[in-house]
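>>> sequence unavailable; structure follows:
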């Protein structure tokens, strides 16, 4: 891993879930943060790969749920981080509840927030989504699962598979980033 100030952080782990027209999906992310200070108007900012099926469902429905994983839920990392909902039902065997919009809510997390997209920024490799929180619940008795603790608790083969997928994602993202930058340069040249 290369040296970066961001390698010094230990972010919380989230599963973002989405649904549209009877299809459901979920993915792991660490890129979630609060996007507003006003307590009666909560907002979040998240960053998602446009290659993920979860992103496609968010684009279609404009709604999603952010589930903050709790300590002990690291076994969901390979399910929501290594596999695609295009190929498997990630929710098979998980007793989920759903929002009024049919979006799965994972059980026994630290909490969840149902969100509605209000703005997106396309970066080529990733899309920044700014979303208003419509409703949310918090379980203060649980502690968030953070990346370092989750990775330490997983079997080495799973950690290696996640690291390998990250390397593949970096290569794919590099290509998307270069294409986006090239397209942006062309647009600026014609303005």
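Arrived safely, thanks for sending. Since we're looking at a predicted model, the values are computed, not measured.
>>> separation between the residue nearest the centre of the chain and residue 164?
Residue closest to the mean C-alpha point of the chain, counted by C-alpha atoms, centre = their mean, is residue 29 at 3.4 Å. Computed as C-beta to C-beta, to the nearest Å, the residue 29 to residue 164 distance reads 18 Å. The C-beta positions use only the backbone N, C-alpha and C, and glycine is treated the same way.
>>> which residues touch the residue nearest to the centre of the chain?
The contact partners of residue 29, by C-beta atoms under 8 Å, 6 or more residues apart in numbering, come to 13-16, 46-48.
>>> for PyMOL, write the selection for the buried entries among the residues you listed.
Buried members of the contacts of residue 29, defined by 16 or more other C-beta atoms under 10 Å, are picked up in PyMOL with:
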select buried, resi 13+14+15+16+46+47+48
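>>> can I assume residue 175 sits in a strand?
No. Under DSSP: H, G, I helix; E, B strand; the rest coil, residue 175 sits outside any strand and is assigned helix.
>>> distance of it from residue 11?
Note on residue 175: its distance to residue 11, by C-beta to C-beta, is 25 Å.
>>> also residue 69?
Going from residue 69 to residue 11 by C-beta to C-beta gives 11 Å.
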